[in-house]
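Colleague: Okay, sequence plus prediction incoming.
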Amino acid sequence: MSLLQEERKIILSNEYVDNFDFAEVEEFVKNASKDLFISHHFKTIDKMLVQPRGGFPTYKKQFALNEFFVEANVDVLPLTIDSNTRLNDYATAKKMLRLSEENDVDMLNGYPLVNHGYRNTRKMVTHFNKPVSLRHGTPDARLLIETAIASGIFEIEGGPITYLLPYSKNFPLDKAFLYWKYVEKICANYSKLNEPINRESFGPLTATLVPPAITIVIQLLEMLLSLEEGVKSFSVSFSQTGSMNQDIVMGAVIRKLSKHYAEQINCGDATINLVYHQWMGAFPTNKDFAEQLINMSTVIASMVGADKIITKTREEASGIPTKEANAKTVANTQYTLGILNGLPNIVDAEEEEILTLEVHAIMEAVFNDPADTLWRKVFNSIKNGIIDVPFSPHIINHNEMITIRDAKKNIRIIKKGNVPIPDRCFEYEKAQCDLTKDTTSIVNDIIHDIGIMQ
Amino acid sequence: MSLLQEERKIILSNEYVDNFDFAEVEEFVKNASKDLFISHHFKTIDKMLVQPRGGFPTYKKQFALNEFFVEANVDVLPLTIDSNTRLNDYATAKKMLRLSEENDVDMLNGYPLVNHGYRNTRKMVTHFNKPVSLRHGTPDARLLIETAIASGIFEIEGGPITYLLPYSKNFPLDKAFLYWKYVEKICANYSKLNEPINRESFGPLTATLVPPAITIVIQLLEMLLSLEEGVKSFSVSFSQTGSMNQDIVMGAVIRKLSKHYAEQINCGDATINLVYHQWMGAFPTNKDFAEQLINMSTVIASMVGADKIITKTREEASGIPTKEANAKTVANTQYTLGILNGLPNIVDAEEEEILTLEVHAIMEAVFNDPADTLWRKVFNSIKNGIIDVPFSPHIINHNEMITIRDAKKNIRIIKKGNVPIPDRCFEYEKAQCDLTKDTTSIVNDIIHDIGIMQ
Amino acid sequence: MKVVTGVVGNDIHVVANRLIELSLNARGFEVFNLGVNTYLEEFFDAVVETGADILLISSLNGEAEGWSREIKLLKSKYKNLDNLVMMIGGNLVVGSADADTIVPKYKNYGFDLVFHQVDLNTGLDTLEEFLKERDK
Amino acid sequence: MKVVTGVVGNDIHVVANRLIELSLNARGFEVFNLGVNTYLEEFFDAVVETGADILLISSLNGEAEGWSREIKLLKSKYKNLDNLVMMIGGNLVVGSADADTIVPKYKNYGFDLVFHQVDLNTGLDTLEEFLKERDK
Ligand code: B12
Ligand code: B12
């Protein structure tokens, strides 16, 4: 029995788990409709795919949500997992699921996939025959991903860095790398049977003043860790920065560099897609304004040339959105994509150059770490602050980097901590900002910068 | 008594008119608050001014509308005139106004300014102390403009071409030129007393597949006819074409050429502003979609760098908008302008060159007309089809030019009629389109192209 | 069959009018298009002159109601218009209202077929149905 | 005056927490920030250790209610917390509800000051008022 098989056995020895019939699952994946594979849609459809967010505890409510989405002409269905499952607490999830089913009140903030099991969930997935994207935030997602793929869910979001630094305070980062390595392997293996399983990284991170260079480096590293294991379809992603130009520059650089680094490790055959998240930071409480913001995000996504857009709703600032609000965003976004034509070709050579230099410098520093494997190099680089994510709640994160917005609302690095931003770039970043102000005004600016969409 | 004074007397000898006290009116204009002059705002405010559309028959309802607008943070108040007044049919307007007042049902599609008179209307204008823009569509607007300025309305939209070709079937074009010459003179005269009265041309024309070259030529000619008479503040305008890139190119070319042609007649001292109309063609009946369209228009206006934007509402397809819907657009547009940052700098040199050549060629043909004055040259050029406006209902218009949209939804000229489009440009325009189709398909394409936002 | 069409009153919205002419021609009608800005007398005069079977009036800017009130009176002054099929479509009120209240009102003004914010082709399909029924 | 602050439960929304620390410092409080993902015991332990006057809890992801139910029981196990000012703010429910129903509920759980979807500065102004009133 291979090591992977042994690990599998351990994961599955869990009283809450479906009794896995791997032969049957393989058969299912082999013969599954191509329509279930987002990787197939990326290849064959020219328009930007639209994917909302959403997950409800019961099968019935999740089914109803999907019906609403299909009615609104969705391209990719989401399946958002509840926070107990994310923490592998299937016992609580089970209890809350039963309460939700009995009382018709939602006692979970997402779909407890492990408890529902793959046999049930597969019925829903194949019924709608649309690609489903798994959205969780789980550091140890091994069982979850086994269950997801067996259910017909062929896109898996997340990664050891992007699902940890923004989502956790204490979970050990080294373990996260190993657990995700398992996920990558599973995805790679199943990818051989039919169309590839698509892996997607979570570029928004903390959605709060994260500078493009940090986001891109993390996207590239999670991509490399995934391709290394044999994944053949990967999506890098980022969320609206607050500056249209910075978004466009980011899009251009991330496309160019993901191709470049994939080729560096001889994985040029993998397909790399670009995903754009509508504004992920603090939303306006005025719901009409929220809709303006959402529409603007769609326009920018088009200018960025994203392959997929992940949407928000007018209710973002108030609480978990209703299915009506969620479906409305999908319909509106599809409409906007249809009427938005004649996109200009935009190139900002100077900004692209600065950003490219920054990314290369950080990547080089990571590669130069003396550790033996890539994941250990990355681990060390986070630990020693070569990679530093503003507003991460995680104890391992350095929190030394400080960013503010310049007059055009581009996010700029004004304190770099241990991040090896080249001198020329750092001077450029600072030159865009007014740094003559005193500390109190700069702090006030940061508070203001977080709330720019409000 | 000067000729102008005589003309004035004739216009005023009309049973529906206020008894004009010109000395008092001059005194009023001289001492009027600078806040009433949009020309003053253009000079002193950096942001794009937001102006809705709107006019109700009764004083009371118009007042209430303005209150809503102010609440929504409007920059410029509109006053849209009803269609009877536009045709100088004050008798019908009076009857319908009375019916509207008595029955609380609107029997007019705008504010019958002449019937209300300047004494009343001025109370409203000075009460709100915001610049008001007069929107009508009147070929003979002499009385209307006298009344408007006396009321404190210091921006006058329209012109002999732009208010005739889209708005009338039979009104004699030569008369329109003469009537508008009067309007320009009046505006120029009053401009000497305080800040300049701003004149604005109506660039949307029929809002239906009008090619950029035609729009720009007409904007430039109305600008020249106005500056000739001494107007010192003029706004050229156009409406969303359906292609973002074409809008941006149009904005760049019209800015450059309006400056150029103003200088040619030694009027370089006049201020030329750029106004952008949110989509003016057929709207979607789905009101949520209409809001997406409106938001997208705002984003494009920002990319065009307009000085003012004129808004639509979610109710455009259904009928005269409620004051609530109208105010909501204003608030939404202001919000979007506030959050839209980091605009890229976009230049499409080839498209700009083609368009510039086209405009120059048509302008030259107009100037080469043997008539003695500019207005007669323009008159002749319209009559003989050197200027040809698609979908104009006016009998004088040639209707020989045919336009369709290319794959990127740019409006392209595929039949030029008598319009002197240079060969190179015409070849370029046609090369963007698929002209191998048969006539029926092309007609179907045109129908489709009219409805692209639906 | 002969159709007189145009846009009533001071209304100058011409786009639908151009499309109506195209569609009627495509459906095999003989079309007399008076264009925009056409007054009631002009419509009836043209019907009489051409011997039209159908009068198809458009209104987009909200004026229709003001004019329609005068139809009965005016029509009574003409002879031989009893078989004339009268239809109207477009935006039939200022502001908005729903078909349930608008249609009966306009039928009362003397129209056989009334289409408030209805797509042109739906309207013309209904016209053809109507003619078939009547001629049975 | 001393304040213990943090985000309750498994909630990892850290942005408000960072701003709260800045604002409290700027207002002259001595701040002990436990950060996100802080359980009730940790809060009370810190209050006892530091001798804090105020406990300021944030909750953003909707977990607050589940935890708050246990406050009275837990607090009764500690001594000398009678003068502790307890305040909570952020998004105090899953989904949405209005302040009229939320505030009394949380007062009942043992909070002196409750701010559902209220701006931070408004909340801290109210806190300062409250302290002034109490110390009169
Ligand atoms: C383009 C436009 C203009 C252009 C017109 C250019 C031209 N000469 O044609 C300009 C800018 C000049 C203009 C001016 C005005 N307009 Co205008 N205009 C529009 C707009 C945006 C689109 C109209 C259009 O071309 N649609 C495309 C065609 C193909 O569709 P359609 O006209 O709706 O026709 C369809 C149906 O109605 C139907 N149909 C039409 N007739 C018939 C008949 C039958 C029998 C049937 C079955 C069907 C049918 O078939 C067509 C295809 O499906 C509409 C709003 C909208 N619909 O989005 C306002 C609109 C029609 N205008 C309006 C108004 C008020 C005016 C003005 C009076 C004032 C103003 N706001 O400036 C002036 C008109 C002056 C006058 N004397 O009439 C209002 C009417 C309000 C109402 N009814 O309550 C509208 C609805 C806008 C609004 N919400 O305020 N307008
Ligand atoms: C950014 C963000 C994230 C980031 C967080 C990064 C990080 N580590 O901080 C990411 C993407 C990782 C994230 C994850 C999740 N999020 Co989140 N997130 C947001 C978002 C968009 C902005 C939050 C923010 O930073 N605001 C800026 C700060 C400055 O404002 P604030 O937090 O609202 O705080 C203000 C006030 O509340 C007040 N305040 C706060 N505390 C106190 C205390 C007192 C005493 C007073 C007076 C005032 C006060 O002062 C602040 C300034 O005015 C909000 C929605 C929104 N508000 O727009 C959702 C939101 C808070 N998230 C939500 C959820 C559900 C989650 C997830 C559980 C699931 C998911 N959707 O992925 C996970 C969380 C996992 C977990 N264990 O908690 C929900 C909560 C739903 C509810 N309460 O019903 C929201 C409302 C979104 C939604 N509509 O679904 N999220």
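Modeller: Cool, the structure landed. Ligands and ions are numbered 1, 2, ... in the order given.
Colleague: Please make it C-alpha for all contacts and neighbour counts, starting now.
Modeller: Fine.
Colleague: can you give me the strands for chain A?
Modeller: Secondary structure of chain A (DSSP state E): strands located at A:49-51, A:77-80, A:132-135, A:155-157, A:198-200, A:233-239, A:271-277, A:308-310, A:402-405, A:411-415.
Colleague: Residue ranges in chain C under the pLDDT threshold?
Modeller: Of all residues in chain C, none has pLDDT under 70.
Colleague: State which helix of it is the longest.
Modeller: Counting residues, the longest helix found in chain C (DSSP state H) is helix C:120-135.
Colleague: Tell me how far it lies from the chain's centre.
Modeller: 13 Å (CA atoms, centre = their mean, to the nearest Å).
Colleague: name the helices or strands packed onto that helix?
Modeller: Applying 3 or more CA pairs under 8 Å, 6 or more residues apart in numbering or on different chains; DSSP states H and E, we find helix C:120-135 packed against no helix or strand.
Colleague: of all of chain C, which residue lies closest to chain B?
Modeller: residue C:95 (4.3 Å; CA to the nearest CA).
Colleague: pretty sure that residue is in a strand, no?
Modeller: No. According to DSSP: H, G, I helix; E, B strand; the rest coil, residue C:95 belongs to no strand; its state is coil.
Colleague: if I read this right, it contacts residue B:317, doesn't it?
Modeller: No. Between residue C:95 and residue B:317 there is no contact under CA atoms under 8 Å: 10.2 Å.
Colleague: can you pull the contacts of residue 63?
Modeller: Here I'm looking at chain A. residue A:124 (CA atoms under 8 Å, 6 or more residues apart in numbering or on different chains).
Colleague: meant chain C, my bad for not saying
Modeller: By CA under 8 Å, 6+ apart, the contact list for residue C:63 reads C:8-11, C:92-94.
Colleague: Just the terminal-to-terminal distance for stretch C:3-16.
Modeller: End-to-end span of stretch C:3-16 (CA to CA, to the nearest Å): 16 Å.
Colleague: List the contacts of that stretch.
Modeller: Against stretch C:3-16 from outside (CA under 8 Å, 6+ apart): B:83-84, B:87, B:166-169, B:208, B:391-393, C:17, C:29-40, C:43, C:46-47, C:52-61, C:63-64, C:67.
Colleague: Against which helices or strands is the helix or strand containing residue C:72 packed?
Modeller: Taking DSSP states H and E as the criterion, residue C:72 maps to helix C:71-75. In terms of contacts (3+ CA pairs under 8 Å, 6+ apart), helix C:71-75 is packed against helix C:40-50.
Colleague: make it 10 Å
Modeller: The contact analysis (3 or more CA pairs under 10 Å, 6 or more residues apart in numbering or on different chains; DSSP states H and E) places helix C:71-75 against helix C:40-50, helix C:99-109.
Colleague: which neighbours does the helix or strand that comes right after it have in its sheet, and in what orientation?
Modeller: Following helix C:71-75 in sequence order, the next helix or strand is strand C:85-90 (DSSP H and E). Note on strand C:85-90: by DSSP bridges, its sheet partners are strand C:54-59 (parallel), strand C:113-116 (parallel).
Colleague: does any part of strand C:85-90 sit near ligand 1?
Modeller: Yes. Strand C:85-90 lies within reach of ligand 1 by CA under 6 Å from any ligand atom, at C:87-90.
Colleague: Contacts only, for the closest residue to residue A:363 other than its chain neighbours.
Modeller: Closest residue to residue A:363 apart from its sequence neighbours, by CA to CA, 6 or more residues apart in numbering or on different chains: residue A:217 at 6.6 Å. Counting by CA atoms under 10 Å, 6 or more residues apart in numbering or on different chains, residue A:217 touches A:223, A:254, A:257-258, A:358-363, A:366, A:387.
Colleague: hang on, residue A:123 packs against residue A:150?
Modeller: No. Using CA atoms under 10 Å, residue A:123 is not in contact with residue A:150; the gap is 11.0 Å.
Colleague: ok, these two, which is more surrounded?
Modeller: For residue A:123 versus residue A:150, the count of surrounding residues by other CA atoms under 10 Å in any protein chain shown is larger for residue A:150: 24 against 13.
Colleague: ok, that one to ligand 2 distance?
Modeller: 23 Å (CA to the nearest ligand atom, to the nearest Å).
Colleague: Quick check, that residue in contact with residue A:30.
Modeller: No. In this structure, residue A:150 is not within contact of residue A:30 by CA under 10 Å, at 11.1 Å.
Colleague: Give the residues shared as contacts by the two.
Modeller: A:24, A:190.
Colleague: which of the residues of strand C:85-90 next to ligand 1 has the most neighbours?
Modeller: Busiest of these [other CA under 10 Å] is residue C:88, holding 25 neighbours.
Colleague: who's in contact with it?
Modeller: C:5, C:7-8, C:55-59, C:64, C:68, C:106-107, C:111-116, C:123.
Colleague: Please see if stretch C:4-16 touches ligand 1.
Modeller: Yes. Counting by CA under 6 Å from any ligand atom, ligand 1 has neighbours in stretch C:4-16: C:10-16.
Colleague: Determine the number of other residues adjacent to residue C:77.
Modeller: Based on other CA under 10 Å, the number of other residues close to residue C:77 is 8.
Colleague: Likewise for residue C:100?
Modeller: Neighbours of residue C:100 (other CA under 10 Å): 9.
Colleague: Could you do residue C:99 as well?
Modeller: Counted with other CA under 10 Å, residue C:99 comes out at 15.
Colleague: residues in chain C within reach of ligand 1, list them.
Modeller: Neighbours of ligand 1 within chain C, by CA under 6 Å from any ligand atom: C:10-16, C:56, C:58, C:60-62, C:87-91, C:93-95, C:115, C:117-120, C:123-124.
Colleague: which residues touch the residue of chain A found nearest chain D?
Modeller: Residue nearest to chain D within chain A (CA to the nearest CA): residue A:319, separated by 4.2 Å. Shown in contact with residue A:319 (CA under 10 Å, 6+ apart): D:60-62, D:91-97.
Colleague: Residue A:172 now?
Modeller: Contacts of residue A:172 (CA under 10 Å, 6+ apart): A:139, A:164, A:394-396.
Colleague: and residue 37, how many neighbours does it have?
Modeller: I'll assume chain A. Counted with other CA under 10 Å, the neighbours of residue A:37 add up to 25.
Colleague: not what I meant, chain C
Modeller: 22.
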